[in-house]
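Chemist: following is a predicted model, sequence given first.
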Amino acid sequence: MPWIEICIRVPRTEVEAAEQALEALGALSVTLQDAADDPVLEPGPGQTPLWPTVRLRGLFEGGAERGSIIDGLRALPAAQRPGNLRFREVGDRDWTRAWMDRFEPMSFGRRLWIVPGGMPAPAAADAVIIHLDPGLAFGTGTHPTTALCLEWLDGWDGAGRTVVDYGCGSGILGIAAALLGARRVVAVDNDPQALSATADNAARNGVGSRVEVLAPDDYVPTGHDLVLANILAGPLVELAPRLVTSAVPGGTLVLSGLLEEQVADVAPAYRGACREAGVAVRDGWARLDLVRQSSDRSD
């Protein structure tokens, strides 16, 4: 039986109204996706993280009247903008997984791959595969900040190391570190949904026993070989003493989630405690690499 899919791009403020409208019009399912490859970084406690721009896909039976659906969406400002509302006919299929067909495996550096569920993994013998479905904490693609961190990890020797993934989201960075040989990863986030997602994703990738999830209040900073923090410029400055004391002397801090011009604001918060090892930039976003000094005044 043929089906009709409607796609609407809406700002975050209109998501709830759009979802309710589609359901009221008889949508059999409504899927929310990131419409602009924006990251969701460090939502506040109790907040439901959503992207700034969201693509809603509503699935209707083939006999649904398009005119009636359009009329039912007239109250949504976004539905009235040219190009924001589209229909397409689709064949009968398993709609539980159909939306995943829009995604493909993605590579980072030489060996790291992210492979959405149900897709074939790369055949390279040295490929390190992270099985992860796009979602709220991950987005529908990989944001430049995440890509910068994954590319750094691709060249890292993780054998036997310990890692902190601060602001873990879906756990993608910590899981990558575990798959690259880290013996222990502590994943920290202030969102219970992120901690649950990280635990689930770690188990799915076979590293659940090496990934511990903790809320910030339960995390006691102690020395680790690597500190990963893909959050925002403001929190990176505020959390500098906490992140520094999370690294052993000589340990590495990989900081991202900041715009290129914000590096100059973040770097001073770590001076004296750390030396700068490099800055990488992609699409206006930056990654700041630091090494903790043998002695500092942050403890």
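Modeler: It's in. Numbering: from 1, shown residues only.
Chemist: chain center to the helix or strand encompassing residue 241, what's the gap?
Modeler: Using DSSP states H and E, residue 241 sits in helix 240-244. Here helix 240-244 is found 22 Å from its chain centre; the criterion is C-alpha atoms, centre = their mean, to the nearest Å.
Chemist: number of residues surrounding the nearest residue to residue 212 once chain neighbours are set aside?
Modeler: Sequence neighbours aside, residue 186 is the residue nearest to residue 212 in space, at 5.2 Å (criterion: C-beta to C-beta, 6 or more residues apart in numbering). Heads up, the C-betas are built off the backbone N, CA and C, glycines and all. Neighbour count for residue 186, taken as other C-beta atoms under 10 Å: 22.
Chemist: residue ranges for the helices of this structure, please.
Modeler: Counting by DSSP state H, the chain has helices at residues 15-24, 66-72, 144-154, 172-179, 192-204, 233-238, 240-244, 263-266.
Chemist: the third one packs against which elements?
Modeler: When you say that, I think you mean helix 144-154. Applying 3 or more C-beta pairs under 8 Å, 6 or more residues apart in numbering; DSSP states H and E, we find helix 144-154 packed against strand 106-108, strand 112-115, helix 172-179, strand 224-230, strand 247-259, strand 274-282, strand 285-292.
Chemist: list the neighbouring strands of the first one plus their orientation.
Modeler: Think strand 106-108. Looking at strand 106-108 with DSSP bridges, its partner strands are strand 112-115 (antiparallel).
Chemist: how about the strand it pairs with: buried residues?
Modeler: 112-115 (16 or more other C-beta atoms under 10 Å).
Chemist: apart from its neighbours in sequence, what residue is nearest residue 262?
Modeler: residue 233 (4.1 Å).
Chemist: so where is the stretch 101-250 of the chain shaky, pLDDT-wise?
Modeler: 101-103, 118, 134-142 (pLDDT under 70).
Chemist: ok, of the buried residues of strand 112-115, which one's closest to residue 78?
Modeler: The shortest approach to residue 78 among the buried residues of strand 112-115 belongs to residue 114, at 29.8 Å (C-beta to C-beta).
Chemist: one step back: most tightly surrounded among the helices of the chain?
Modeler: Between these, helix 172-179 has the highest mean count of neighbours, a mean of 28, where neighbours are mean count of other C-beta atoms under 10 Å.
Chemist: need the CA coordinates for that one. CSV is fine.
Modeler: Output of helix 172-179 as CSV, limited to C-alpha atoms (Å, rounded to 0.1, in the frame of the first residue of the first chain):
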residue,chain,number,x,y,z
ILE,A,172,30.3,9.1,21.0
LEU,A,173,33.7,10.4,22.0
GLY,A,174,34.1,8.2,25.1
ILE,A,175,32.9,5.1,23.2
ALA,A,176,35.4,5.9,20.4
ALA,A,177,38.1,6.1,23.0
ALA,A,178,37.1,2.8,24.5
LEU,A,179,37.1,1.1,21.1
